[in-house]
Structures are given as structure tokens and as C-alpha cells.
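>>> the following comprises the amino acid sequence and a computationally predicted model.
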Amino acid sequence: MRVTYVIGKEAVLKEVRRLTHYGGHRKTGDDGAFERMRATDSDKDMLEQFWKAACSAATEQLMHYTKCISNDDIGESTAYEVEMEMPSLYDVILNDSIEESLQNFFINLIASKWYKITSPEDEVKYAAEANGYMKDIENKIYHRKRPKRDEY
């Protein structure tokens, strides 16, 4: 059974900008934190580099079942699309949850790379969060439905 997951770059980067904006605003005891920590549209080139690193990390983790991966340009936006060949007992009910966890993996991994530069003490937290999302994805991918007997 083939399953495809699509993660939109613009949605991920918008969420990274929102997350870093909030993180910079909430930082106490550091007067320049907001301006330093928040990612803006002018940081597009750096965020693009982190997007590519996240694509590479996701590919590495998902390659066991992967049949096709694309990171194609679609107009101004890009999407990471992975097509996987899953065993017959794979539970398709988990598709939306896996795609959501994959998007959260991208967001947190990019945020951790951003914070490595702007706020090193926060990097570890977001890297651990990204790692947690990838473990969640792996658990769901390896989960199997119970086999059912054919009824006669």
C-alpha cells in the first residue's frame, strides 16, 4: 500500500517565524532577545538552508519504507513530499497524525537550528522536541493492525 505525506515549506516557515517571535517576546532578563531571537522575512536564506537540512534529516529517518521523495518547487512555495510503501497491516487511520508529527518535526528542527545561532540555551529544548516527534512518527509507522480472519 502506497502512502504519501506532504509538508509545505511556507506553512512550516510561517510557524517557525511565529514560534521564534513568541520565544523572543517571552525571554526575560535579556533586553535584546526579541530582536535577536525572532526570525523574520529577511532571514529567508538562512531558513531555506535549515529547511533543506530538515528535509535531509527526515529522508534519513524515513528511508526504510521510502519509494520516492521530492522537494519540488511549486511556484513560490516548496513542498517536501515522501511516498512510502507500507505493509498490508499498516493502519491508514494514522496517516493524518503522522503527517502532523512530520510537520512538527520540521518546525522544531528548524527552530533548534535557528536557536543554535540566536539563543544557544534554547537549542537543546527544540532539538529534543524534534527528536520526540520523529520517534512518534517511527512508532506509528511500525504500528500494525491486528490481522483479521476471513469470514466464511
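Structure received.
>>> where in the chain is the helix or strand with the lowest mean pLDDT?
In the chain, the helix or strand scored least confidently by mean pLDDT, DSSP states H and E is strand 73-74, which has a mean of 54.
>>> which SSE is immediately downstream of that one?
strand 77-85 (DSSP states H and E).
>>> the spatially most central residue of the chain and Cys55, how far apart?
Central residue check for the chain by C-alpha atoms, centre = their mean: the C-alpha nearest the mean position is that of Phe106, 2.1 Å away. Taking C-beta to C-beta, to the nearest Å as the measure, Phe106 falls 8 Å from Cys55. Where you see a C-beta, it was placed from the backbone N, CA and C, and this is true even at glycine.
>>> what do those two both touch?
Tyr80 (C-beta atoms under 8 Å, 6 or more residues apart in numbering).
>>> surely Tyr90 is in contact with Ile98?
No - between Tyr90 and Ile98 there is no contact under C-beta atoms under 8 Å: 10.2 Å.
>>> which residues do those two both contact?
Contacts common to Tyr90 and Ile98, judged by C-beta under 8 Å, 6+ apart, are Ile141.
>>> ranges for the helices of the protein?
Counting by DSSP state H, the chain has helices at residues 9-26, 33-37, 44-62, 95-118, 120-142.
>>> just name the most buried of these.
helix 95-118 (a mean of 20; mean count of other C-beta atoms under 10 Å).
>>> now the angle between helix 9-26 and that helix, please.
For helix 95-118 against helix 9-26, the angle by axes from the mean of the first three to the mean of the last three C-alpha atoms, to 10 degrees is 50 degrees.
>>> counting contacts, what elements does helix 95-118 pack onto?
Helices and strands touching helix 95-118, by 3 or more C-beta pairs under 8 Å, 6 or more residues apart in numbering; DSSP states H and E, are strand 2-8, helix 9-26, helix 33-37, helix 44-62, helix 120-142.
>>> so for it, mean pLDDT?
What helix 95-118 shows for mean pLDDT is 96.
>>> so how far is it off the chain centroid?
Mean-position distance between helix 95-118 and its chain equals 4 Å (C-alpha atoms, centre = their mean, to the nearest Å).
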